[in-house]
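Participant: A structural model of the following input is requested.
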Amino acid sequence: MTGTFTLPDTSALFIGGKWRPGAGIERIAVRNPATEQVIADIPAGTEDDVDAACRAAADALPVWSAVPPAERAAACRAISAELDARAEDLADLVTADLGMPRAFARSVQVGLAVTDFANLADAAEQHVYEREIGTSVVREVPVGVVGAITPWNFPLHQVAAKVGGALAAGAPVVLKPSQVTPLGVFVLADVIAGLGLPPGVFNLVSGAGAKVGEALVLHPVVDFVSFTGSTGAGARVATLAAGRVRPTALELGGKSPAVLLDDLDDSAFEKALRRVMAGSLLNSGQMCSALTRIIVPEHRLDTAEQILAAAAGRFRAGDPFDPGVRLGPVVSEAQRTSVRGHIERAIAEGARVVTGGPGAPDGLDTGYFVRPTVFSRVERNSAIVREEVFGPVLVVQTHRGTDDAVAVANDTGYGLAAGVFGADAEAVAWRIRAGQVEVNGAGFDPAAPFGGFGDSGYGREFGGWGIDDFLTTQAVQRWSP
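Facilitator: Numbers count the residues shown, from 1 in each chain. Down below sits the predicted model:
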């Protein structure tokens, strides 16, 4: 497997407007998941690094919060433009450390980040920050110093949501990115370093979540924590922050349904199934919003199984730099072990394997590859139905009419995303407890709010809602003689 890419300088941390060595000497290896080879290393940040970054951000707060929204918007647009200018190199880096096929990395991983910063610039300019109520002037003001902790599956898109949202709102930010897929984030830091923003407005401290992430959440000058990751880790973040009486926004896991109504004709039924599979395997299934529960009319189950088995066979796995590859590896050995464990458990519990299984695709003994796998004829309380797998694994469930389909869709602790297909899809969509519901394959809208219900967390990101979490409200009562 091959692929050419130019590594960024990952030797230092970005704190207080400068690149500086970390306080410790430990480094964290970054692996290419398609080759299993170490391709880079990054600083393993320490509590001292977190402290320096947080205090730099606190020093920057009065300066950056006073900058007019139009200037903050201009900074976000400048970031968007420079990311776009470096898009090809960034796509190579995401392919190298995440394993997403290069054919999609440019448009999805990098393209979304470019769009996010531009949309947040619009949000900063369009937001109404002040109004009069009675004898009071009510303003929305920056929440303070933001601690941002981001995941590995969308290493630029999720960073853009938090860094862009905080900067647009006037809040300095300390970013702890995933140590698994950090390469593009160091390029982003270089972009921001070149803007000449006030020192401390943006800070990057890489490292492990248990050390750097928890130190960030617990730091006394951090006013707000925005976290994206697993539900378990999010609960830990919320618990730590609650001990300091500090607010959080959590974007967590999902086990999202795709409901196919019975009024679809045969062609539309097949098209919907193929659409769901393609969307859910886009990042090797490593998406919290993936529609991994496909809910079909009971009497069409056999047909659905045949269509999905055939569709899975069209997903060629292999070198993500190969233009013909549609399915890359999962991100790490640990993730492969986890996904295979879910598959093996489902088989042991009696689920029918429509296609796939726990082994690697043929001819791919190197790399963290998992075969696209579809299960069917499963119990509603089985683990494969209720637990997030975060890999190329789908499960087919059945319904006996619209009301039953809604009940099956809502029978989950999560509530991040959903899809509905059929003539009455929009009316049904409003009955599903999920933060985003696509109708007839409409797809992700980067201008819409993103976030979930229940175990999927709280708070919203992107679009006009993308700065709300980073603002708080202040009222000044005017005295009248």
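
Participant: In contact with residue 274, which residues are there?
Facilitator: Contact analysis of residue 274 by C-beta atoms under 8 Å, 6 or more residues apart in numbering lists 307, 311. All C-beta spots, glycine's among them, are computed from the backbone N, C-alpha and C.

Participant: Quick check: which element contains it?
Facilitator: Following DSSP states H and E, one finds residue 274 within helix 266-280.

Participant: what do you get for residue 378?
Facilitator: Going by DSSP H and E, residue 378 is not part of any helix or strand.

Participant: Can you tell me the closest non-neighbouring residue to it?
Facilitator: residue 351 (4.5 Å; C-beta to C-beta, 6 or more residues apart in numbering).

Participant: returning to what we had before: and the helix holding residue 274, which residues are buried?
Facilitator: Going by neighbour count (16 or more other C-beta atoms under 10 Å), the buried part of helix 266-280 is 268-277, 279-280.

Participant: can you give me the mean pLDDT across the helix or strand just after that helix?
Facilitator: Later in the chain than helix 266-280, the nearest helix or strand by DSSP H and E is strand 293-297. Regarding strand 293-297, the rounded mean pLDDT is 98.

Participant: go on, stretch 258-278?
Facilitator: Across stretch 258-278, pLDDT averages out at 98.

Participant: what's the answer for stretch 96-111, then?
Facilitator: 96.

Participant: repeat for stretch 466-474
Facilitator: 97.

Participant: Any buried residues in it, and which?
Facilitator: Of the residues in stretch 466-474, 466-472 count as buried by neighbour count, 16+ other C-beta under 10 Å.

Participant: Residue 295: neighbour count?
Facilitator: Look at residue 295: counted by other C-beta atoms under 10 Å, it has 26 neighbours.

Participant: Enumerate the beta-bridge partners assigned to it.
Facilitator: Counting by DSSP bridges, residue 295 forms beta bridges with residue 259, residue 397.

Participant: Against residue 123, how distant is it?
Facilitator: Relative to residue 123, residue 295 is positioned 35 Å away (C-beta to C-beta, to the nearest Å).

Participant: ok, the residue nearest to residue 378 - contacts?
Facilitator: Shown in contact with residue 351 (C-beta under 8 Å, 6+ apart): 375-378, 382, 384, 395.

Participant: One more pass at 6 Å, please.
Facilitator: 375, 378, 384 (C-beta atoms under 6 Å, 6 or more residues apart in numbering).

Participant: Any stretches of the chain with poor pLDDT?
Facilitator: For the chain, the stretches flagged by pLDDT under 70 are 1-3.

Participant: Domain map for it?
Facilitator: The chain breaks down by automatic domain parsing into domains covering 13-251, 257-446.

Participant: first vs last residue of the longest one, how far apart are they?
Facilitator: When you say that, I think you mean domain 13-251. In domain 13-251, first residue to last residue: 26 Å (C-alpha to C-alpha, to the nearest Å).

Participant: Centre of the chain to it, how far?
Facilitator: In terms of C-alpha atoms, centre = their mean, to the nearest Å, the centre of domain 13-251 is set 13 Å apart from its chain centre.

Participant: when you give positions from now on, start the count at 50
Facilitator: Okay, residue one is now 50; in that scheme the one you just asked about reads as domain 62-300.

Participant: ok, residue 403 - how many residues close by?
Facilitator: Residue 403 has 20 nearby residues by other C-beta under 10 Å.

Participant: who are the neighbours in contact with it?
Facilitator: 354, 357-358, 423, 425.

Participant: which secondary structure element contains it?
Facilitator: Using DSSP H and E, the element containing residue 403 is strand 401-404.

Participant: Outside of the helix or strand following that strand itself, which residues are in contact with it?
Facilitator: Later in the chain than strand 401-404, the nearest helix or strand by DSSP H and E is strand 422-425. Residues from elsewhere that reach strand 422-425 (C-beta under 6 Å, 6+ apart): 354, 357, 392, 395, 400-401, 403-405, 433, 442-445.

Participant: if we can go back for a sec, partners of the strand holding residue 403 in the sheet?
Facilitator: When pairing is defined by DSSP bridges, strand 401-404 lines up against strand 422-425 (antiparallel).
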